[in-house]
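J.: Quick check, what structure comes out for this input:
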Amino acid sequence: MPVNRQILLDNRPDGAATVGNFKLVISQTPTLQDGQVLVRHHYLSLDPYMRGRMNDGKSYAQPQPLGQVMIGGTVGEVVESRHPRFQPGDLVLGTGGWQEYSVVNVSEPDALRKVDTTQAPLSYYLGAMGMPGVTAWYGLVKIIEPKAGQTVVVSAATGAVGSAFAALAKARGCRAVGIAGGPDKCKYAVEELGLEACIDHRLHPDFKSMSQALKEACPGGIDGHFENVGGHILDAVLLRANAFARIAICGMIAGYDGAPLPLQHPALILTNRVKMQGFIVSEHPELWPQAQAELASLVASGKLRPRETIAQGLESAPEAFLGLLKGKNFGKQLVKLI
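T.: Residues are numbered from 1 along each chain as shown. As a prediction, the model looks like this:
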């Protein structure tokens, strides 16, 4: 069995996460037992939710244990199998974490899924065709439930979730507006993702300025919003929300370092009869095939052209992850391991 390099969570952040929270170790891959397969990871996914799991606090999932491999989605190739459903050479999607190899108990539900790279490149199954894309689909289709002609807004618009949301919203005839960081990302959002407008949050760092920018970009108000960030962006959206607006709460990256995120005008939720619903996409596995079928169609037609930022080598994962939290990536953040 091969030698395996792994990155562990060594200690918990006190405020902002740092490289010092992680530790690179070398271990021996255990011998396979019946029902197990050995996967060599080609790509590792980095996602904002990982920051929340680094904290030792109550959440929708257990905190990332100290001294264990950092959680995370992976795609790769089966190199050895002791399960009849998988053969060496199969390309698979799993949750192998921040390491070069993983031993997977195939009997566990959804532990490993085969992927079809004739539909999309392997890396897309960690982005547009994977968890981020399905997340966008669920928030739009099941919570926002837009009608053609309605205005929807998405924060972190050029990331893996936001770009999929843009394509899905445009396919439904929505007027879609993004919020992103920097002129290059906003240009991409309009010219390549097809959004009607994109607001640069770096130019609107407070509630008053952001609400004015939203008023100009959404003159008819906001009917639906997909929230990845929270903070003053959510406050500004609530101020511009139409009656019976729907808000899908996917992430609150503005508060992942532990800062509270109080709403400035919570009475607007009642005044406008706004529906706000948080969701965790992993709780809805029965809907993944439907979502992935639509996402595959959008990729094949060229209506969804996701961007990727790729760091090279396992040792680059901590710095790439910290960059993701600061918005330094453009599109889906990946680590290439081979």
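J.: Show the pLDDT at Ala259.
T.: With respect to pLDDT, Ala259 scores 78.
J.: Next, it: secondary structure please.
T.: coil (DSSP: H, G, I helix; E, B strand; the rest coil).
J.: Only the buried residues of stretch 165-178, if you could.
T.: In terms of neighbour count (16 or more other C-beta atoms under 10 Å), stretch 165-178 has its buried residues at 165-170, 172, 174-178. Where you see a C-beta, it was placed from the backbone N, CA and C, and this is true even at glycine.
J.: Give me the subset of these lying in helices.
T.: 165-170 (DSSP state H).
J.: could I get these as TSV with distance to Gly73 and pLDDT?
T.: TSV is the format used below for these (distance: C-beta to C-beta, whole Å; pLDDT from 0 to 100):
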residue	distance to Gly73	pLDDT
Phe165	18	97
Ala166	21	96
Ala167	20	96
Leu168	20	98
Ala169	24	98
Lys170	26	97
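J.: Show me how the chain divides into domains.
T.: Residue ranges of the domains in the chain are recorded as 3-126+307-336, 131-282, according to automatic domain parsing.
J.: how about those domains, which one is nearest Ala296?
T.: Closest to Ala296 of these, according to C-beta to C-beta: domain 3-126+307-336, at 4.9 Å.
J.: how far does the closest one stretch from start to finish?
T.: Using C-alpha to C-alpha, to the nearest Å, the end-to-end distance of domain 3-126+307-336 comes out at 18 Å.
J.: for that domain, what is the average pLDDT?
T.: pLDDT averaged over domain 3-126+307-336 gives 94.
J.: re the thing from before, out of the domains of the chain, flag the one nearest Leu298.
T.: Evaluated with C-beta to C-beta, these place domain 131-282 nearest to Leu298, the distance being 4.9 Å.
J.: Now the terminal residues of that closest one, how far apart.
T.: First-to-last residue span, domain 131-282, C-alpha to C-alpha: 8 Å.
J.: Ok, stretch 65-73 next?
T.: Termini of stretch 65-73 sit 17 Å apart (C-alpha to C-alpha).
J.: neighbouring contacts of that stretch?
T.: 6-12, 22, 44-47, 50, 53, 64, 93-99, 126, 130-131, 317 (C-beta atoms under 8 Å, 6 or more residues apart in numbering).
J.: Please apply the same query to stretch 282-299.
T.: 109-110, 119-120, 124, 128-129, 131, 133-134, 137-138, 141-142, 164, 167-168, 171, 304-306.
J.: quick revisit: taking the buried residues of stretch 165-178 together, which two end up most distant?
T.: Those two in the buried residues of stretch 165-178 that are separated most widely, counting by C-beta to C-beta, are Arg172 and Gly178, at 15.8 Å.
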